[in-house]
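coords please:
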Amino acid sequence: MGIVGNLSSDQLNFFNSNGYLVLESFSSPEEVKEMRDRMAELLQGFDSSNTSIFSTINQQKLTDDYFFESAEKISFFFEEKAFGDDGCLKQPKELSINKVGHALHELDPVFKKNSSSEKISSMLFSLGYKRPVVIQSMYIFKQPGIGGEVVPHQDNSFLYTEPRSCTGLWLALEDANITNGCLWAIPGSHKNGLVRRFIRDENGVHFDRPFPSFDRKEFVPIEVKSGTLVVIHGDLIHQSFENKSPRSRHALSLHVVDTDEFIWAKDNWIRRKVEPEPLYVS
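Purely as a prediction, here's the structure:
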């Protein structure tokens, strides 16, 4: 395929030191608009009578069969605060959805094109991937006023390979800042290893141990403009807070793992029936 890495030595050094990397203008305004317009179409055709809720705070309680089956589908998940006491949506479905996942990159042509581009492959090649696959994709809305908190976590907890190989790719589809719920991270925290795992067994899903508490002062905000890609090491501790502002914070999140001499853990929440196609084989 003749892939050439597109990250400089300075960028790689920053990533290795801090556990994340900010790539401005990674996607063009036209590409961002294409993805946002396509999601608007998908939402328009979505039957909102399904009321599956996503929450990182009540993750064990709210993980159901609909969530498990979403690994190979395009599924819609509501915000916890989208419903009134009567169980009905308090606002239009377009302003109530938390995220759409987890196979947009496989099943939708627009998101497939943008998730498997040459620039993504080149960036992953720079990071040393030999046979990368996008294992999940999520369109995240961070709705105005009700956009839920994403608690501190590490991506390798949920998408575990032996040895660990997950990298998060977080593409801003709107400007993200402190006001509307941007990412926050503890620089260098990836060097301390994996804290815990999210395991699926005969009883459902659970974490294998408690997550330590952190001083908020350890986190730094990652404020970015629309079109910016944030590359996140699988062991980096990161989070985002509630969006209490009147502005949404749309983003596309991809998670990549290597499949060249890396073993996908059987007790991960994702249990696919069809093996994912690699972006390339080096």
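
okay, now the nearest residue to residue 243 once chain neighbours are set aside: neighbour count?
The shortest distance from residue 243 to any non-neighbouring residue, by C-beta to C-beta, 6 or more residues apart in numbering, is to residue 147 (3.1 Å). Yep, even glycine has a C-beta here, placed from its N, CA and C like the rest. Residue 147: 24 surrounding residues under other C-beta atoms under 10 Å.

determine the longest helix present in this structure.
The helix spanning the most residues in the chain, taking DSSP state H as the definition, is helix 29-44.

who does that one touch, helix- and strand-wise?
Other elements packing on helix 29-44 under the criterion 3 or more C-beta pairs under 8 Å, 6 or more residues apart in numbering; DSSP states H and E are strand 97-102, helix 109-115.

tabulate the ones you listed (JSON lines), appending distance to residue 238 and mean neighbour count.
Formatted as JSON lines, the helices and strands packed on helix 29-44 follow (distance: least, C-beta to C-beta, whole Å; neighbours: other C-beta atoms under 10 Å):
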{"stretch": "strand 97-102", "distance to residue 238": "16", "mean neighbour count": "23"}
{"stretch": "helix 109-115", "distance to residue 238": "20", "mean neighbour count": "17"}
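
closest one to residue 181 among the ones you listed?
Comparison of these against residue 181 by C-beta to C-beta identifies strand 97-102 as nearest, at 11.9 Å.

tilt between the longest helix of the chain and strand 97-102?
Calculated by axes from the mean of the first three to the mean of the last three C-alpha atoms, to 10 degrees, helix 29-44 forms an angle of 100 degrees with strand 97-102.

any buried residues in helix 29-44, and which?
31, 32, 34, 35, 38, 39, 42, 43 (16 or more other C-beta atoms under 10 Å).

let me know the average pLDDT across that helix.
Mean pLDDT, computed over helix 29-44, is 97.

then stretch 215-223?
Here stretch 215-223 scores 96 as its mean pLDDT.

do stretch 105-115 as well
The model assigns stretch 105-115 a mean pLDDT of 98.

now do the same contact list for residue 89.
By C-beta atoms under 8 Å, 6 or more residues apart in numbering, residue 89 lies in contact with 48, 78, 82, 83, 96.

quick one: the fourth one and residue 90 touch, right?
Right, residue 83. Yes - Residue 83 is within contact range of residue 90, at 6.6 Å (criterion: C-beta atoms under 8 Å).

so where do the helices sit in the stretch 51-200 of the chain?
Here the stretch 51-200 of the chain has its helices, by DSSP state H, counting those that start in this stretch, at 59-62, 65-69, 104-107, 109-115, 118-126.

just to revisit the earlier point, tell me which of the buried residues of helix 29-44 is nearest to residue 185?
Nearest to residue 185, judged by C-beta to C-beta, of these is residue 32 at 22.6 Å.

quick one: closest of the helices and strands packed on helix 29-44 to residue 178.
That would be strand 97-102 among these, by C-beta to C-beta, at 20.2 Å.

what's that closest one packed up against?
Using 3+ C-beta pairs under 8 Å, 6+ apart, the elements in contact with strand 97-102 are helix 29-44, strand 74-78, strand 132-140.

so what touches the first one?
Translated: helix 29-44. By C-beta under 8 Å, 6+ apart, the residues outside helix 29-44 that reach it are 74, 76, 93-94, 97, 100, 108, 110-111, 114, 139, 173, 226-227, 250, 252.

quick check: angle from that helix to strand 74-78?
On the basis of the same axes, to 10 degrees, helix 29-44 is oriented at 80 degrees to strand 74-78.

give me the angle between helix 29-44 and strand 132-140.
Using the same axes, to 10 degrees: helix 29-44 against strand 132-140 is 70 degrees.
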